[in-house]
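coordinates only, sequence not included:
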């Protein structure tokens, strides 16, 4: 599938957008960000990183009160302890991430050697296994704590995902992620875009549907619904379940490519994770 986001989105929003049939990822990104800036003209572009709270003033007031004593502080502390605790062989995570913990903006990226999208959780488990440690589960628990610390240390860094032009596999992964985002699935026949593009800002039951722009910038998150921290791929799984579709494995190719696409769409925005949500 090689349609532009604008062309696909037009089917979701009644033809509000128009663009060439073939476009580069960068042209996709420009259309994507312009669409949300026009849909929510009252929102500063930099504020989209705050998700639904960028468009819901009442919810934002409650959220800002919660941020006075963030529920993710314990996760950051536990993650820092994990970062500094040596493995059984005496090495630490720093041996795998020599630039230090604040490297979240470097992920996801295309790993040419492996021929796949590399995410930060996957890199963490690669590090553990290379040092004789068992991999962590990908949706919650210790990996969410370590991600919370590393993301916190990356706050303010600008998202800058690259799609190497010299490896067509990278573009294919991006296109697969884009196709996933706009593909309808499950008994409810919903796509990710059904809620977060065409219907963003509207209300579903009692929830305001957040705009897609900025979605990946604030993970991992502490959700009141969960009562704990969770990763981005946990949220992907939850969304699939909500539309009554079978979720894909966390850190499987489908979700990694989806993350690659979604994060590329956020290029130019700042990371502000970990976050807190309802």
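That came through, no problem. Bear in mind the structure is a predicted one, so any value in this text is a computation, not a measurement.

Return the residues in contact with the residue nearest in space to the middle of the chain.
By C-alpha atoms, centre = their mean, the mean C-alpha position of the chain lies nearest to residue 216, the distance being 2.6 Å. By C-beta atoms under 8 Å, 6 or more residues apart in numbering, residue 216 lies in contact with 159, 232, 259, 262, 263, 266. For every residue, glycine as well, the C-beta is placed using N, CA and C.

which residue ranges form the strands in the stretch 51-200 of the chain?
Along the stretch 51-200 of the chain, the stretches classed as strands by DSSP state E, counting those that start in this stretch are 109-111, 116-118.

looking at the ones you listed, which is closest to residue 190?
strand 116-118 (24.1 Å; C-beta to C-beta).

Off-centre distance for the closest one?
Remark: strand 116-118 is offset 14 Å from the chain centroid, using C-alpha atoms, centre = their mean, to the nearest Å.

How about residues contacting it?
Around strand 116-118, the neighbours that count as contacts under C-beta under 8 Å, 6+ apart are 107, 108, 109, 110, 111, 173, 253, 256, 257, 259, 260.

What residues does the second one make contact with?
Think residue 108. Residue 108 makes contacts with 117, 118, 119, 120, 161, 256, 259, 260, 263, as judged by C-beta under 8 Å, 6+ apart.

Identify the residue spatially nearest to the third one, adjacent ones excluded.
Among residues not flanking residue 119 along the chain, residue 108 sits closest, at 4.7 Å (C-beta to C-beta, 6 or more residues apart in numbering).

on that earlier part again, most widely separated two among the contacts of residue 216?
Within the contacts of residue 216, 159 and 232 form the most distant pair, 13.2 Å apart (C-beta to C-beta).

out of those two, which sits in the busier spot?
residue 232 (28 against 20; other C-beta atoms under 10 Å).

quick one: that one from residue 204, how far?
Residue 232 is 21 Å from residue 204, where distance means C-beta to C-beta, to the nearest Å.

Tell me where this structure is predicted with low confidence.
Across the chain, the ranges flagged by pLDDT under 70 are 1-22.

Walk me through the domains of it.
The record's domain parsing of the chain by automatic domain parsing lists 31-69+158-277, 73-152.

Kindly reformat these as TSV containing distance to residue 23.
Formatted as TSV, the domains of the chain follow (distance: least, C-beta to C-beta, whole Å):
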stretch	distance to residue 23
domain 31-69+158-277	8
domain 73-152	19
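
residue ranges for the helices of the stretch 151-278 of the chain, please.
Taking DSSP state H, counting those that start in this stretch as the test, the helices found in the stretch 151-278 of the chain are 168-182, 192-193, 232-242, 253-265.

Quick check: which of these is buried the most?
Comparing these by mean neighbour count (mean count of other C-beta atoms under 10 Å), helix 253-265 ranks first with a mean of 24.

which strands and helices sit next to it?
For helix 253-265, the contact count by 3 or more C-beta pairs under 8 Å, 6 or more residues apart in numbering; DSSP states H and E identifies helix 25-39, strand 116-118, helix 168-182, helix 232-242 as packing neighbours.

which one of these lies closest to residue 141?
Per C-beta to C-beta, nearest to residue 141 of the helices and strands packed on helix 253-265: helix 232-242, 10.3 Å.

and the closest one with helix 168-182, angle?
Angle, helix 232-242 to helix 168-182, by axes from the mean of the first three to the mean of the last three C-alpha atoms, to 10 degrees: 40 degrees.

Give me the contact list for helix 232-242.
Helix 232-242 is contacted from outside by 121, 138-140, 185-186, 188, 192, 216, 219-221, 246-248, 250-251, 255, 258-259, using C-beta under 8 Å, 6+ apart.

And for the nearest residue to residue 92 once chain neighbours are set aside, the neighbour number?
What sits nearest to residue 92 in space, not counting adjacent residues and going by C-beta to C-beta, 6+ apart, is residue 86, at 5.3 Å. When neighbours are defined as other C-beta under 10 Å, residue 86 has 12 of them.

Give me the distance between the two termini of stretch 110-128.
Using C-alpha to C-alpha, to the nearest Å, one end of stretch 110-128 lies 20 Å from the other.

of all the contacts of residue 216, which comes closest to residue 126?
residue 259 (16.2 Å).

can I assume the closest one is in contact with residue 122?
No: contact criterion C-beta atoms under 8 Å: residue 259 and residue 122 do not qualify, at 10.1 Å.

ok so, going back, make TSV out of the helices and strands packed on helix 253-265 and add distance to residue 51.
TSV is the format used below for those (distance: least, C-beta to C-beta, whole Å):
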stretch	distance to residue 51
helix 25-39	12
strand 116-118	23
helix 168-182	17
helix 232-242	11
